[in-house]
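Q: I'll drop the sequence and a predicted model, then ask my questions.
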Amino acid sequence: MDPVSRRNAFKVGGALGALGTLAAVTPARAEPWTWSPQGSVAGDGAGADPLTMWDPEADPVVAGLLDRGEAPRVNELLRTWTRNGQALPAGLPDELRDFMEYARRLPQWADQGKLRAAVDFNKKRGLYLGVLYGLASGMMSTVIPKEARSVYYSKGGHDLKDRISKTAKLGYDIGTHNAYGPDGEMVVTCVKTRLVHAAVRHLLPQSPHWVYVAEEQIPISQNDIMVTWHSLPTTVMKHLTAWRVPIPAHESDGFLHSWQVAAHMLGVRDEYIPATWPEADSQAAQVLDPILAATPEGAKLADRLLRLGNQLDLAILTKPVLGAFTRFLLGDPIADGLSIPREPVWDPLLRLSWGPFIAVREGLLPVVPLAPDAYWLFDEFLRQAALIYLAELRLPISIELPTMNRDMNQPPR
């Protein structure tokens, strides 16, 4: 069968699979899905609830690999595929090769001018992004119940540092000057992540531990991916706006566009990808904000994340300091839900001094209104937080298909 015919088969088979799944699964939502596809990059769509949609193109391909025991060999071959413009390695199963050739194509609406503007945004805001991706977004993942449970009971819950490093790779790759270019790595990272998501969808329902606590029968729906998406660019932009960081409109648009392309490359339907920041805020208000809540699994993951600074010997990023920043960025209800203690020194220091510190950094205040020690602490925190987020990127990172769920009898790493 030629590649075009195979791609059509993916779509037809996926549609039938989705219909069959919908008959068996009727996930509940606090409120009906009302976000209009007219606000998406597609500008139109069926308006189906993304909670009822998964990835009908990738899921059967990866399920077949796992059931046939081909995943270890595929992982070995794909370790050599690291650049967007690189040919796929020889020896991949035909069905997987055809899917990946299809999945690696940028959407027709990708705008190279906007992607170049995103490079300027990332260059100027790199230190802020390290803090926000690592703490605001990273810690937020522990209070997204479905995500926390999926991570905790999957293989990623066993070796959290390894899982974090692979998540950090996506944030790092999207911020590079050549993210989507032939010599960049963002396309590779997205396609491999899409395959991993498909593997988790196949494996996690086989975990009795996950099944016992899960709200759904299949993890990582299109809705779940967009929830995580909003924990990244939407959350970052909300904080930068609240901090009054001056951002030219074209750079703001470019940053959004780079993440719009990422969502498409991760397998999200275009009708679910917001076209503008107001539309992103509107969708986040429906899918992200109302569902944030602590769970036993999320609290355990959060505690391990807060100890990561100690593991990497970064003096300022102690658990109390990281906890205070989590409370500052995500608010008291989330911090209290995660049992993060209040810090008598850092909590008030952040509330009173962070705004003036940002203003000084951005050249908005002519005189430093902070004590030199406080200014140094904040600046050093920014630097070290960026380092902790990217620490594992010093070594080659290989995003690979899991072949099993977490062994709950083994202590986590």
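A: Nice, thanks for sending it over. The structure displayed is predicted, hence computed values, not measured ones.

Q: contacting residues around the closest residue to residue 91 other than its chain neighbours?
A: Spatial nearest neighbour of residue 91, excluding adjacent residues (CB to CB, 6 or more residues apart in numbering): residue 77 at 5.5 Å. In this view, the C-beta of every residue, glycine as well, is placed from N, C-alpha and C. Listed by CB atoms under 8 Å, 6 or more residues apart in numbering, the contact partners of residue 77 are 89-92.

Q: Put the buried members of the residues you listed into a PyMOL selection.
A: Buried members of the contacts of residue 77, defined by 16 or more other CB atoms under 10 Å, are picked up in PyMOL with:
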select buried, resi 92
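
Q: helix, strand or coil for residue 267?
A: When classified by DSSP: H, G, I helix; E, B strand; the rest coil, residue 267 comes out as coil.

Q: before we move on, back to that, would JSON lines of the contacts of residue 77 with pLDDT, secondary structure and distance to residue 361 be doable?
A: Converted to JSON lines, the contacts of residue 77 look like this (pLDDT from 0 to 100; DSSP: H, G, I helix; E, B strand; the rest coil; distance: CB to CB, whole Å):
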{"residue": "89", "pLDDT": "97", "secondary structure": "coil", "distance to residue 361": "45"}
{"residue": "90", "pLDDT": "97", "secondary structure": "coil", "distance to residue 361": "50"}
{"residue": "91", "pLDDT": "97", "secondary structure": "coil", "distance to residue 361": "51"}
{"residue": "92", "pLDDT": "98", "secondary structure": "coil", "distance to residue 361": "47"}
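
Q: Isn't residue 343 up against residue 325?
A: No. In this structure residue 343 lies outside contact range of residue 325 using CB atoms under 8 Å: 9.6 Å.

Q: If you count surrounding residues, which of the two has more?
A: Applying other CB atoms under 10 Å to residue 343 and residue 325 shows that residue 325 carries more neighbours, namely 25 against 17.

Q: outside of the host helix or strand of the more buried one, which residues touch it?
A: Taking DSSP states H and E as the definition, residue 325 sits inside helix 319-330. If you take CB under 8 Å, 6+ apart as the criterion, helix 319-330 is touched by 131-132, 135-136, 139-140, 143, 239, 302, 305-310, 334-335, 338, 340-343, 346-347, 350-351, 354, 381, 385.

Q: Could you identify the buried members of those residues?
A: By 16+ other CB under 10 Å, those give 131-132, 135-136, 139-140, 143, 239, 302, 305-306, 308-309, 334-335, 338, 340, 343, 346-347, 350, 354, 381, 385 as buried.

Q: Let me see the domain layout of this structure.
A: Using automatic domain parsing, the domain parsing of the chain gives 1-22+53-105, 112-133+145-287, 296-392.

Q: Looking at the ones you listed, which is nearest to residue 404?
A: With respect to residue 404, and counting by CB to CB, the nearest of the domains of the chain is domain 112-133+145-287 at 6.2 Å.

Q: hang on, the earlier thing: any idea which helix or strand comes after the helix holding residue 325?
A: Helix 319-330 is succeeded, C-terminally, by helix 332-337 (DSSP H and E).

Q: what's the burial count for the nearest residue to residue 32 once chain neighbours are set aside?
A: Computed as CB to CB, 6+ apart, the closest residue to residue 32 that is not its neighbour in sequence is residue 49, at 7.7 Å. Other residues near residue 49 come to 16 when the count uses other CB under 10 Å.

Q: Any stretches of the stretch 101-250 of the chain with poor pLDDT?
A: 155-166 (pLDDT under 70).

Q: pLDDT at the residue nearest to residue 32, what is it?
A: pLDDT recorded at residue 49 is 94.

Q: Tabulate the CA atom coordinates of the host helix or strand of residue 354 in CSV.
A: Taking DSSP H and E as the definition, one finds residue 354 inside helix 346-361. Written as CSV, here are the backbone C-alpha positions of helix 346-361 (Å, rounded to 0.1, in the frame of the first residue of the first chain):
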residue,chain,number,x,y,z
TRP,A,346,10.2,34.1,51.5
ASP,A,347,6.4,34.4,51.3
PRO,A,348,6.3,38.1,52.3
LEU,A,349,9.5,38.9,50.4
LEU,A,350,8.1,37.6,47.2
ARG,A,351,4.7,39.4,47.6
LEU,A,352,6.3,42.7,48.3
SER,A,353,9.5,42.7,46.2
TRP,A,354,9.0,40.6,43.1
GLY,A,355,7.1,43.3,41.2
PRO,A,356,9.7,46.0,41.8
PHE,A,357,12.5,43.5,41.0
ILE,A,358,10.9,42.7,37.6
ALA,A,359,10.4,46.4,37.0
VAL,A,360,14.1,47.0,37.6
ARG,A,361,15.1,44.1,35.4
